[in-house]
Structure formats: structure tokens, C-alpha cells
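Participant: please find the sequence and the predicted model below.
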Amino acid sequence: MKIRTIVISIMLGICPIVWADNHDLSTIAEVSGSTDKTGVFKDLVSQLSVKSLSKKKITVQAIAKLENDRVRPLLEALLKARLFYGKASPHPVYIVEVVDQGYQLTDAVSGQLLGIVAKRSIKKVRINNRFRQLIRGALAQRDLRAADAAVRLQAVKTMSKHMTPAVVALFREVSKNEVDEDIQRLMLAAVANADLTATDGAVRLAAIEVLAKTMQVEYVSALNEILVVDAEGAYVESDRQVIKAAKQAIKEIESRISWYENIQTLFFGLSLGSVLVLAAIGLAITFGVMGVINMAHGELIMLGAYTTYVVQLLMPEQLELSLFVAIPAAFLVSGLCGILIERGVIRHLTGRPLETLLATFGISLVLQQLVRSVFSPLNRSVSTPQWMSGSIDFNPVLSLTLNRLYILAFTLLVFSVLLMILKRTRLGLEVRAVSQNRAMAKAMGVKTERVDALTFGLGSGVAGLAGVALSQLTNVGPNLGQSYIVDSFMVVVFGGAGNLLGTLISGFSLGVATKFIEPYAGAVLAKILVLVFIIIFIQKRPRGLFPQKGRAAEG
Amino acid sequence: MGLSKLLQGDTGGQWLLGVLVVLAVVVPICNLWLPETSFFHVSTYTVTLLGKYLAFALLALAVDLVWGYCGILTLGHGAFFALGGYAMGMYLMRQIGDRGVYGNPLLPDFMVFLNWSELPWYWHGFDQFWFAMIMVMVVPGLLAFVFGWLAFRSRVTGVYLSIITQAMTYALYLAFFRNEMGFGGNNGLTDFKDILGFSLQSDLTRIILFMFSIAALISGYLVCRFIVSSKLGRVIVALRDAENRTRFIGYRVELFKLWVFVFSAILAGIAGALYVPQVGIINPGEFAPLNSIELVIWVAVGGRFSLYGAILGAVLVNFGKTFFTAALPEVWLFALGGLFVLVTLFLPYGIVGLLRRKKEVSS
């Protein structure tokens, strides 16, 4: 939990406030709540064997107020008619599980397993329907006062689905002492929703004011009910002020919802963009820096994804750590494969980009079939480790899934490392020299052959890393690479070949643009529109957003 | 320029035309008049298969013209082929009339299925054969014109051009998958009944379609040969080898490119129109970027910069595909991929280049 918090705080400078808030409060609540009195609990439990329902009721109410872990299982067992008592005195009380041989007993006070007994030897603690309602209420109240904020939140959520007057009263009372602001807000909103139908105008206005600060769609429809008009178009509602306030509130809620929806779309766009960047950035190196069109790039991504799959198969016990093994492994597998391709094929086709395109396409077919023969043509699913699954919910509209957040961060990390390599290391210097003027670099003593192989290896290795990330988002199959190759080329061409920063910007902007068009046009049309846009854009700027300047541009 | 002058020194072309003429004579005889038990009988399946290869050969010719002679590596020619095919398919669809599953006299089945009440505007006129035939050429030609005019004018060349042609076919691929487009979604157009009143299932119709394919291929070849041996042909080869120099000499490079590109697209469209009635289906899969790349493979294997080489490549690769996908489906992609790597590495001018080199060595 802690590592997760830290990582996320680094990634998103803004949100840790909300996140940490929840956390601290629940810790405080845990500490203050540990005042259990086992003795009192035990005494009360043994009194459950009394016949009188009214006495039983008093006992249950007393038990429900105790701070003890065993209270909940006990009351639940009572609800399900699975609470029994023994014949000894004072009566021991058991929670019972029906098994083939008889009753499996658990001590209600200590929670110890006591073995199996015959059905006749114990007696049921009997209750009636009214009693059940009482217990349910007591359990709900208990949940609303629980030490764990998550339990309270869940309780509020379930209970606000069926708002009876009793629940409203309960919320009204409990919300006064609620320390967690989010939960308090939820309760107050539920109460306000109920207050909308009150008779007192002032109460209704206050309720509308509370609702205006929420962002649940159901409250919008509740508010809309106030604005119902009759056949002549006149408002059914007589209170002008209430109508005005309700209109205002609806406007406020809707604008808030759409604001957060936009943020959510932006996040999806950035997430798509991060995938695009990750898939394209290796290509940007091989295509942009070396001028080699590697159609097998998609298959190198696929190899990375399959490496992740194999690593998980090899270490099924350490699923949580397998990704950290998979990342270097995928880099090596794809990188070595890339070097092999460069040494075996591309080297012989220097300066003939179109032939390179065709040859590497042939390689991509071979790699695809290879994977199909080895792993079967079916998709394989790679499991997501625990620390990567789940999401951060900020409010009903905005929730960020963790795996996408991590991939976003991973993309930025990979990008900065690549940039460092190209700008700060000897290899990077040589790569840039060769890409600008091969003959001159050679004359100055740069081993161009070696540089070519390493550059290609680097680009391919990054493709492998993209494969690791993709395996966390989609199923891994032989066609995985193919579906990304066209997109990756678009990103590189749009950004301007030979410019890593251009690739980053173009990937993110294409991702965000796609996601913002999607709600209006649908996923397929959005993609088509983006493609058409790129085709037209290339006419205007044939060398992309950030063209290489100087002699290197005249390739 | 007479035929003999056109084919002067073009041994490969003479061979090709000879083979095609022989096929045009022998295949109908062997299919229609020889009894099925005869050893020399050619089944209708084989006729259709050959017809398909011929359509592909015409397509390869179109690709060779733009790539081999003009130096534009197009990765989107499959789109023109498919558009021609769709235009033909729309005519065949309208011919079904009320014989469809839903029996609607006007609307094709898939539109009835989608609850459409009237024919979309772009489906009008396709009940006329002549209109459909014009559209077979106009639609791909127009797309090529618009695309080429934009691209060549702003001097998008080389790899960039290849990639945006790929983007073009990919965009169409996605678009034609959509039901809303009105082209049958991912099922495409199929279930054709007859063409110009002749049943598509009958042997005679198949033979006639086959003959038309041969005729189209022969005339396509002759026109392409005429183009490349004309002065225009010299200019496009010049601009392939040194675009800037050609421009500085004073030629409007983009216009020449545009002309060749549009002509080639029309040729591809015709190939598509021949393909569809013989195969009996057209679906968005034809737009897949992979298909367009495969076309380039055919040309590369046969040998670019020689028109008959492209035809040879198309037939050989497709024959290999038919054979391998039936006999050893696992091996096909290995074979195709390997072939591609080997050809580009060792046979830059394909099989034709290899033959030529042998000839030079022996002489």
C-alpha cells in the first residue's frame, strides 16, 4: 500500500492530497476503535439463550454496540438462523455450519472451531421477522460507525440505494459525527435528496443547495422532477424560488460532471498516447535515426509481450515480481532479435529504404508464423500483478485505472532514458553522427557498422518494452504487433522522423485527439478521422511536425 | 506504332502474349467440350482459379507501372482494386433483385437487415451495367487523382508516401467495416446471382469471364508497354532515378507522376471488377494493409521494371499460395516471408533479373 501511494504521488503531483487524506483518517479511526471488552461480550452472548424475545432484543442491542470483531459474524449468523446454543450452563453459543455428518461448530465468542456434533445436541436461537429487521438496522448502524472508513463508505453506498425514513434519520444523526468528509458528503446528499420532497420551502432550498455540490447523475434526475411541467407548459411546482434554485443546481452539477468527464477523457487519451508513444519510439530510433523502415517492428513488440508471458509461466509463484524480470528479459530478447535482423538482412540493404521495407516485412511474416507454431494461434492472457490492478476513484465520474497510470509513467521513464542515451552517452553521440553524415563519421573513426547494429538493437529492445506494457492491457497473440504497426508509423511520420521529442508529442496528441473525437463519432470513425488528418497534414508538412533541419533532411 | 514494333525486343512480352493466347484457346475447349473423365479436362474450379490469377496479374501490372517505372512504392494499391471490386459488387448486388433472402426488389439483403427503408444515394445507377463499369474506373481514378494531386504537389516522396498510402487503405479498411457506410459491413457483398442476365454459376459464364480477364490482361499489357516505351515512359523512368534533376530540366514532375498513378489506379480498379464476379465475394478484408503489401511482393518476386515479370510474379506467388495453404498451411507464411527476404537480398530484379543475368553470362 505504502509503495503504491508514493509512486502515485510522484506521478500525479495533484492528487496525493485526496489520497493521503483517506488514509490518515482511517488509521486514526483504527487506533481509537480498539476498546473491546471481551468479558462483557461473553456475558451478553450467553444471555442469548433466553426464551423471551423482548429480553433477547435488549441483549442484541447491547451486543451491537460493542467494539468487537466477533459481533458481526454473530449477528449475521443470527440473521441466517445459524446461531445455536448448547445445553451446559452458562449456555455456550455457537455459529453453525451444516455439513454432511451434522453441525460444524464455531465458538461465537472466540471464533474457535470446535468440531462436528449431532443435530440434537444443540438448540437454535429463535427470532422472528421483526427481530430480523432490528438486527439489520443494528448491523447497518454498526457499519456506519465502523472504524474502517472503507466499511463505512460501503455501508453508506448500499443504504442510500433504499432510502427509507429510518435510513434518512439514521444518516442525519450519524453524519454529524462522521470524520471522513467524503462519506459525510455522501450521507448529507442522500438526506438532501430525501428532503427535496419536504413541505418546508427553506428545507428544500437547503437540500437543493447541498445537492448542487454533488455530481451524481441520479440527483440530476431527482432535481429534474421538480421542473416537471404540465400539459400547458406551466410548472407543477408552485414555489418559484425552489424552481430557480433547482435549475441553477442542475446546471452546476452538469457542468461539474462534464468537467470531470473531460479530465477522464484526457486521461484515456494520454493513456492511449502512452501506448502509441511506447510502440512508436523504437521505430523513431530505427526509422528516424537510421532511416530504416522496419516493418517487423510490430513483431518485435509481440516478442516482448510473449517474453512477459513466458516469464510468468516460469515463475508462477512470484507473479508480483515477474514484471520486473520481464522488462529486462523482453528488452534483451527483442534487442538481440533486432541485432540479428540488422546483421543478417538490413546491413546488406543500406541506402535502399524501399527494399528494406519489403525485406523486413518478410521477416515479420516469418516471426508471426514462428510464434503461431510455437505458442498456438490462440490468444494468451498475461495476468496483471496485484499492485497494478484496481483504480483510484476521485469521485463518481473520475477514476483512474492503476495499470494505465503505471504504463503512462513507464513510457515517460523509457522516453527519458532513451533521450539520455542519445544526448549524453558516447553511443548516442556516435549514433547522431552517423545519422547526420555516415561517410564523415566513418572518416572520423566511428565504427559505423557497430553503431548501426547497436542502434537497431536499442530500437528493437524498446519495442520489447512496449510489448511488456501492452501485455498488461490486451491479450497476447500472434497478431498483436500487426495492429500497432500502422499506428506507430503514423506517430513517427506525424512527429517528424529522427526526432524523439516529436514522437512523444505526436503520440500523446494523437491519443488525446482520438479519445476526444470518440464520444461524438465512435471509435472507428475517430480513428479514420485521425488517419485522414495525418494524410492531409503530411501534404502541408511533408517532414512532420518537427522536421530535421540541415543537410540530414535531404536524405 | 504497330504491334510488332511495340513488342520488338520484348522477348518476355512475346512469350507472355503467346501463352495468354494459347490459354484463351485451350482452356475453353478443355472445359466445355472435353468430357469430365478426360485427362485434359479443365474443371470449372480451375478456370475460376486461373481467372483469379489473371485479375491479380493485371493488378500486379498496375503496381509495377507505378513502382517499377515511376518509383512510387505504393502500399495502398489494394484499395483501388477493392474499390473497383465494390463497384462491380454493387452492380451484381442490384442484379439479385427480389431473389434475396428477404425478397426486397430494391434493397439488398443487408440493408433490409439493418432496417433501412430506402437505397442510399450512392447506390443509385448501379443497376445499369454501363454505369457500374464507368464507376469501376472513375471511383479508383478519382481517389488516386485527389490523393496523388495532394501528395505529389507537396512533394511527399519515398518512405513518407508509402506510409500515407498505407494510411489511406487502412482508413478505407476501417470505414468499410462500418455497417453505416452501406456496403454490407464486414460481410461485404456476396450471394451474387447473375451478370447481364447470365447465371454466374454456369460454366459458360465462367469461361466468358475468363476470356474477358485474358483480354483485359493482354490489352493492359499492351497499353503499359506502349506507355513505357513512349516518350512519357522515358520521363517517368528519369524522374524515378533523379527526380530533382528531371524537375530542373523543366518537366512538371508532379503531373507525370499523377498521370501514371491515376492510370495505374484505374487498371487496379478494372482488375478488381474482374476479380469479384469470379470469386463471388468482396469484403473489407481486401482493403487490409497486408494485402497491399502482398501485391508489392508479387511484383518484387517476378521482377520489377519489367512488365511481364510482375505478371509472372503474381501468378507464381498466388499459385504457391493456393498450393501451400492447402497442402502445408503452417509453412505458407514461412515460405512467403522467406521468399521476400531472399528476393530482396539476392534478386533485386526478381526472377526476370535472374534469367537476364544468366543470359548475359552465357552469351
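Facilitator: Now that the structure is in, tell me what you want to look at.
Participant: any idea which residue is closest to the centre of chain A?
Facilitator: A:T401 (1.7 Å; CA atoms, centre = their mean).
Participant: for that residue, which non-adjacent residue is closest in space?
Facilitator: Distances taken as CB to CB, 6 or more residues apart in numbering or on different chains put A:S391 closest to A:T401, at 4.4 Å, once the chain neighbours are dropped. Every residue, glycine included, has its C-beta placed from N, CA and C.
Participant: burial of residue 242, as a residue count?
Facilitator: No chain specified, so I'll use chain A. 20 (other CB atoms under 10 Å in any protein chain shown).
Participant: you looked at the wrong chain, it should be chain B
Facilitator: 11.
Participant: phi and psi next, for the residue of chain A most remote from its centre.
Facilitator: Note on chain A: the largest separation between a C-alpha and the mean C-alpha position, by CA atoms, centre = their mean, falls on A:S89 (54.1 Å). Here the main-chain torsion angles of A:S89 (degrees, to the nearest 10) amount to phi -120, psi 140.
Participant: again with the one 5 residues further on
Facilitator: For A:Y94, the backbone dihedrals are phi -120, psi 150 (criterion: degrees, to the nearest 10).
Participant: check the closest residue in space to it that isn't next to it in sequence and give its pLDDT.
Facilitator: Distances taken as CB to CB, 6+ apart place A:L105 nearest to A:Y94, at 4.3 Å, with adjacent residues excluded. In this prediction, A:L105 carries a pLDDT score of 82.
Participant: for A:R120, same thing?
Facilitator: Turning to A:R120, the model gives it a pLDDT of 75.
Participant: about what we covered before: quick check: the gap between the residue farthest from the centre of chain A and chain B.
Facilitator: 77 Å (CB to the nearest CB, to the nearest Å).
Participant: one more: A:R82?
Facilitator: The separation that A:R82 has from chain B, given CB to the nearest CB, amounts to 54 Å.
Participant: what about the residue in chain A positioned nearest to chain B, how many neighbours?
Facilitator: At 2.9 Å from chain B, A:G362 is the closest residue in chain A, using CB to the nearest CB. Counted with other CB under 10 Å, the neighbours of A:G362 add up to 27.
Participant: which residue is the nearest non-sequential neighbour of it?
Facilitator: With CB to CB, 6+ apart, the residue lying closest to A:G362 is B:F340, at 2.9 Å.
Participant: that neighbour and A:T360 touch, don't they?
Facilitator: No: here B:F340 does not reach A:T360: they are 9.1 Å apart, not a contact under CB atoms under 8 Å.
Participant: who's in contact with the helix or strand that A:A441 is a member of?
Facilitator: Here A:A441, judged by DSSP states H and E, is contained in helix A:438-443. Judged by CB atoms under 8 Å, 6 or more residues apart in numbering or on different chains, the contacts made with helix A:438-443 from elsewhere in the structure are A:E430, A:A433, A:V434, A:T448, A:V451.
Participant: tell me the SS of A:R543?
Facilitator: Classification of A:R543 using DSSP: H, G, I helix; E, B strand; the rest coil returns coil.
Participant: these two touch, right, it and A:G496?
Facilitator: Yes: with contact defined as CB under 8 Å, A:R543 and A:G496 form a contacting pair (5.8 Å).
Participant: those two: who's more crowded?
Facilitator: Set side by side, A:R543 and A:G496 give different neighbour counts by other CB under 10 Å, the larger being at A:G496 (22 against 18).
Participant: report pLDDT for that one.
Facilitator: Residue-level confidence at A:G496 comes out at 81, pLDDT.
Participant: how about A:L12?
Facilitator: In this model, A:L12 is scored at 45, pLDDT.
Participant: swap in B:I311?
Facilitator: Note on B:I311: pLDDT of 94.
Participant: what's the separation between it and chain A?
Facilitator: From B:I311 over to chain A the distance is 19 Å, taken as CB to the nearest CB.
Participant: and B:G272, by the same measure?
Facilitator: Remark: distance between B:G272 and chain A (CB to the nearest CB) = 21 Å.
Participant: in three-state terms, label that residue for me.
Facilitator: On the three-state scheme (three-state DSSP), B:G272 is labelled helix.
Participant: residues contacting the residue nearest to A:G362?
Facilitator: For B:F340, the contacting residues are A:L358, A:A359, A:F361, A:G362, A:L365, B:I297, B:A300, B:V301, by CB under 8 Å, 6+ apart.
Participant: next SSE after the helix or strand where it lies?
Facilitator: B:F340 belongs to helix B:329-346 when elements are defined using DSSP H and E. Once the chain leaves helix B:329-346, the next helix or strand it forms, by DSSP H and E, is helix B:350-362.
Participant: residues in the stretch 401-550 of chain A within reach of chain B, list them.
Facilitator: Taking CB under 8 Å from any CB of the partner chain, the part of the stretch 401-550 of chain A that reaches chain B is made up of A:482, A:486, A:489-490, A:493, A:524-525, A:527-528, A:531-532, A:534-536, A:538-540, A:542-543.
Participant: could you list the low-pLDDT ranges of the chain?
Facilitator: I'll assume chain A. Applying pLDDT under 70 to chain A flags residues A:1-37, A:288-289, A:548-555.
Participant: correction: the question concerned chain B.
Facilitator: Across chain B, the stretches falling below the confidence threshold (pLDDT under 70) are B:1, B:363.
Participant: pick out the residue of it closest to chain A.
Facilitator: For chain B, the residue positioned closest to chain A under CB to the nearest CB is B:F340, at a distance of 2.9 Å.
Participant: check the secondary structure at the residue nearest the centre of chain B for me.
Facilitator: In chain B, the centroid-proximal residue (CA atoms, centre = their mean) is B:L59; its distance is 2.4 Å. Put simply, B:L59 is helix when judged by three-state DSSP.
Participant: could you find the closest non-adjacent residue to it?
Facilitator: B:A271 (4.1 Å).
Participant: show me what contacts that neighbour?
Facilitator: Neighbour list for B:A271: B:A55, B:F56, B:L58, B:L59, B:A62, B:F81, B:G84, B:A216 [criterion: CB under 8 Å, 6+ apart].
Participant: turn the residues you listed into TSV, including distance to B:G188 and secondary structure.
Facilitator: Listed next are the contacts of B:A271 as TSV, based on distance: CB to CB, whole Å; DSSP: H, G, I helix; E, B strand; the rest coil:
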residue	distance to B:G188	secondary structure
B:A55	17	helix
B:F56	18	helix
B:L58	21	helix
B:L59	18	helix
B:A62	22	helix
B:F81	14	helix
B:G84	14	helix
B:A216	23	helix
